[in-house]
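1. Sequence and predicted structure are below.
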Amino acid sequence: MSSPHLRTTGRRALVGLGAAALGAGVFAAPAAAQTPEVEATFVEDYSPVTVGEDLKLAVAQIVFSEAFPAGHELTATITFDAPEGTFTLDNDDDADCAALSDTVVECQADAAESVAFDYLYAPVLEAEPRDYDYTVEFKVDGATVATVDDVIEVSAHSVEPFLYGQDQIDIDPGGSHETGPDFMQTEALPGDTVALAYAVAEPSYILTGTAEATAPYENCVDGYWGDDGGVTCIVTDYEDIPGAVFAPDSPFTFSVGENVPGPLEICGCTFEVRALDAATLESEYGDVDTENGDQLGFELVSEGGDPEHFDSTGYIDIRTGENPFNLSVAAVNAKGAKDAQVTLTVPVKNLGPADAINVFDGPGSYGLIGALPKGLELVKIDGDGDEISCFEPDDPMIEQSFPQVDPAKTDFVCIFSSLGEGESFDFKFTVKITDATANAKGTLEVAAIDNDGYPGIADADTKNNKADITVNGSGSGNGSTTPKLPKTGVSLGMIIGAAALVLVAGVVMFALTSRRRKAGAEV
């Protein structure tokens, strides 16, 4: 099972994930009265896949309306409607799943509010290229609670005559770096080839705009295979040498914005070479000048390359240099008589020099952690429009995101996505004064999410990350009052529910991002 956060490193393979898959399937009635209602299901096989490919990660996830009491068992059985021998099936590293045959995978875990099962599959080289139905059946304590049907698209084998090198570069914010990773030709080019296209992607998805790729040559155009972001260059003067290693004879340039924080991994940007026939060249790149002016071409690096030194996918990994942001909050005082309700407004600022950018899918990347003093009781979170999502302090999301939070001493944790350099917003929450003479201090802290050390960006000054909450100007020591998040007032239940649905995709996507090369290694 995976972390609730997607670490966004710009992998193009992840962009296609969407929330549309949520809620697919037909829900059965709960197995027993104590079984929470099924809220959503999510299955993804990331097809189309090609016969003979390496094992590919697939996911089956279920989300319930509330957490289970201890002692329940959740299973997911994935059954492929395919002849024996069509697929190779295996479990992922977490060992939640096991292949019972080459058509059935069974997964098992302790029932929880949200569980994502990962397994591996691949169509064998001899498999018939077509669509294959499969079914995922979720059970709690042996009783079916949801069934989802989906289809895997299996494509015929196509010749991919290239393998790729890798490049890892460090770029200071506001700086740039030239690169041009090499590639190996593994077999003769298709007979109808008239040009080779070399394309480099930029950071995408949440990290779009953190770095820009440029290539100032007449035969290069903006866009990664027609998409926004990146560069594609068309080379008509090339050599056809199986086993040879080539590289661009002129570099591409990556530039990082001056307000991008660091150190931060902003991109595992893909690059790829494709052979183009005459029709494709004309229809997609007919306006590209491949003859005049400054042209990017290819140079021969070696006529004999070792395939073990190359991968099936090319990556340019970009890490930014040190450039901290500086988040701050101010002290706030609840003034009033006993039983008065007071709305407190706290400016949340980023003093720079870097932007505090969003680096996670889901509700956000930064939190406001509130611990009220004795004498105050939380009534509602006013927030600031739709920019704030609030959680109970004992929510698993908070436990994994903010290890410093003690649920017994914390009243609320609210998460926001980003805050630019020099920007601020007002965080508002309403409290009831239960003791106008209380001599205690609470705290409000702003902090970045820490997901097992990621993203690892340092705050320039942690001294202004935490400020006092007091009652009528007094206070020494702190202490939390009850209740925590209120059951009335602003509809926090709706806010929390929406955030949870976003996380359904986030859980799955993080698993894929963190294992981008794992599936191939496990074959």
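-> Happy to help now that I have it.

2. Strands of the stretch 101-250 of the chain, start to end?
-> In the stretch 101-250 of the chain, the strands defined using DSSP state E, counting those that start in this stretch lie at 104-110, 114-123, 131-140, 143-155, 162-164, 166-171, 176-179, 183-185, 193-200, 211-214, 220-224, 227-235, 245-248.

3. Could I get the ones you listed in JSON lines, plus columns for distance to residue 49?
-> C-beta here means a position set from N, CA and C on the backbone, and glycine is covered the same way. Supplementary listing: these in JSON lines, determined by distance: least, CB to CB, whole Å:
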{"stretch": "strand 104-110", "distance to residue 49": "16"}
{"stretch": "strand 114-123", "distance to residue 49": "6"}
{"stretch": "strand 131-140", "distance to residue 49": "10"}
{"stretch": "strand 143-155", "distance to residue 49": "6"}
{"stretch": "strand 162-164", "distance to residue 49": "19"}
{"stretch": "strand 166-171", "distance to residue 49": "23"}
{"stretch": "strand 176-179", "distance to residue 49": "30"}
{"stretch": "strand 183-185", "distance to residue 49": "23"}
{"stretch": "strand 193-200", "distance to residue 49": "22"}
{"stretch": "strand 211-214", "distance to residue 49": "28"}
{"stretch": "strand 220-224", "distance to residue 49": "22"}
{"stretch": "strand 227-235", "distance to residue 49": "21"}
{"stretch": "strand 245-248", "distance to residue 49": "28"}
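
4. Kindly tell me how buried the closest residue in space to residue 420 that isn't next to it in sequence is, as a neighbour count.
-> Taking CB to CB, 6 or more residues apart in numbering, and ignoring the residues beside it in sequence, residue 420 has residue 355 as its nearest neighbour in space, at 4.7 Å. Residue 355 is flanked by 22 other residues according to other CB atoms under 10 Å.

5. list the contacts for residue 355?
-> The neighbourhood of residue 355, defined by CB atoms under 8 Å, 6 or more residues apart in numbering, consists of 259-261, 325, 418-421.

6. Okay, helices next: where are they in the stretch 301-450 of the chain?
-> 396-401 (DSSP state H, counting those that start in this stretch).

7. Low-confidence regions, it specifically.
-> Within the stretch 301-450 of the chain, the segments meeting pLDDT under 70 span 384-386.

8. the strands in it, which residues?
-> Along the stretch 301-450 of the chain, the stretches classed as strands by DSSP E, counting those that start in this stretch are 314-320, 327-329, 332-334, 341-350, 360-361, 366-371, 376-383, 389-391, 412-416, 424-433, 441-448.

9. List the buried residues for the fourth one?
-> Buried positions in strand 341-350, judged by neighbour count with 16 or more other CB atoms under 10 Å: 342, 344, 346, 348-350.

10. who does that strand pair up with?
-> According to DSSP bridges, the neighbouring strands of strand 341-350, each with its direction, are strand 327-329 (antiparallel), strand 424-433 (antiparallel).

11. Could you figure out how far it is turned away from strand 376-383?
-> 50 degrees (axes from the mean of the first three to the mean of the last three CA atoms, to 10 degrees).

12. and strand 341-350 with strand 441-448, angle?
-> Taking the same axes, to 10 degrees, one finds strand 341-350 and strand 441-448 inclined to each other by 40 degrees.

13. hmm, who's touching strand 341-350?
-> With CB under 8 Å, 6+ apart as the criterion, strand 341-350 contacts 325-330, 332, 334-336, 356, 368, 379, 382, 416, 419-433, 444, 446, 467, 469.

14. low-confidence ranges in this protein?
-> Short version for the chain, where the test is pLDDT under 70: 1-33, 157-159, 384-386, 475-523.

15. where does the spatially closest residue to residue 255 that is not a sequence neighbour sit relative to residue 432, distance-wise?
-> Setting aside the residues directly before and after it, residue 255 is nearest to residue 176 in space (CB to CB, 6+ apart), at 4.1 Å. With distances defined as CB to CB, to the nearest Å, the gap from residue 176 to residue 432 amounts to 55 Å.

16. Same drill for the two, tell me which one is more crowded.
-> residue 432 (18 against 13).

17. Return the residues in contact with that one.
-> Neighbour list for residue 432: 339-342, 376-379 [criterion: CB under 8 Å, 6+ apart].

18. same deal with residue 163?
-> When the contact criterion is CB under 8 Å, 6+ apart, the partners of residue 163 are 183-184, 186, 307, 310-312.

19. Could you dump the residues you listed into CSV and include neighbour count and distance to residue 204?
-> Below are the contacts of residue 163 laid out as CSV (neighbours: other CB atoms under 10 Å; distance: CB to CB, whole Å):
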residue, neighbour count, distance to residue 204
183, 25, 21
184, 24, 26
186, 16, 28
307, 11, 28
310, 20, 24
311, 15, 20
312, 13, 20
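
20. what's the closest of those residues to residue 296?
-> residue 183 (13.8 Å; CB to CB).

21. Look up which residues are beta-bridged to that closest one.
-> The residues listed as beta-bridge partners of residue 183 by DSSP bridges are residue 164, residue 246.

22. so how far is residue 168 from it?
-> Here the distance between residue 183 and residue 168 works out to 16 Å (CB to CB).

23. what's the answer for residue 246, then?
-> With CB to CB as the criterion, residue 246 and residue 168 are 20 Å apart.

24. Between those two, tell me which one has more neighbours.
-> For residue 246 against residue 168, the residue with the higher neighbour count under other CB under 10 Å is residue 246, and the figures read 24 against 13.

25. Provide a list of residues in contact with the closest residue to residue 293 other than its chain neighbours.
-> With CB to CB, 6+ apart as the criterion, residue 293 has its nearest non-adjacent residue at 3.8 Å, and that residue is residue 218. With contacts defined as CB under 8 Å, 6+ apart, residue 218 is in contact with 288-290, 292-295.

26. how about a markdown table for the residues you listed, with neighbour count and distance to residue 400 added?
-> Supplementary listing: these in a markdown table, determined by neighbours: other CB under 10 Å; distance: CB to CB, whole Å:
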| residue | neighbour count | distance to residue 400 |
| --- | --- | --- |
| 288 | 18 | 48 |
| 289 | 13 | 52 |
| 290 | 17 | 51 |
| 292 | 8 | 56 |
| 293 | 9 | 53 |
| 294 | 10 | 51 |
| 295 | 19 | 51 |
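
27. ok, residue 75 touching residue 138?
-> Yes - Residue 75 lies in contact with residue 138 (CB atoms under 8 Å); the separation is 7.3 Å.

28. between these two, who's got more neighbours?
-> Remark: of residue 75 and residue 138, residue 138 carries more neighbours, 27 against 19, as counted by other CB under 10 Å.

29. Count the neighbours of the residue lying closest to residue 406 once chain neighbours are set aside for me.
-> In space, residue 406 comes closest to residue 393 once its chain neighbours are excluded; the distance is 7.9 Å by CB to CB, 6+ apart. When neighbours are defined as other CB under 10 Å, residue 393 has 22 of them.

30. thought residue 393 was touching residue 411?
-> Yes - with contacts counted by CB under 8 Å, residue 393 reaches residue 411, the gap being 7.1 Å.

31. hang on, residue 284 in a helix?
-> Yes - counting by DSSP: H, G, I helix; E, B strand; the rest coil, residue 284 is located in a helix.

32. Enumerate every residue touching it.
-> For residue 284, the residues meeting the contact criterion (CB under 8 Å, 6+ apart) are 226, 276.

33. ok, 10 Å please
-> Neighbouring residues of residue 284 by CB atoms under 10 Å, 6 or more residues apart in numbering: 197, 221, 225-226, 232, 234, 276.

34. Same check on residue 162?
-> Listed by CB under 10 Å, 6+ apart, the contact partners of residue 162 are 183-187, 189, 196, 198, 246, 272-275, 310, 312, 314.

35. Among those residues, find me the one that's closest to residue 64.
-> Residue 64 lies nearest to residue 312 out of the contacts of residue 162, by CB to CB, at 38.2 Å.
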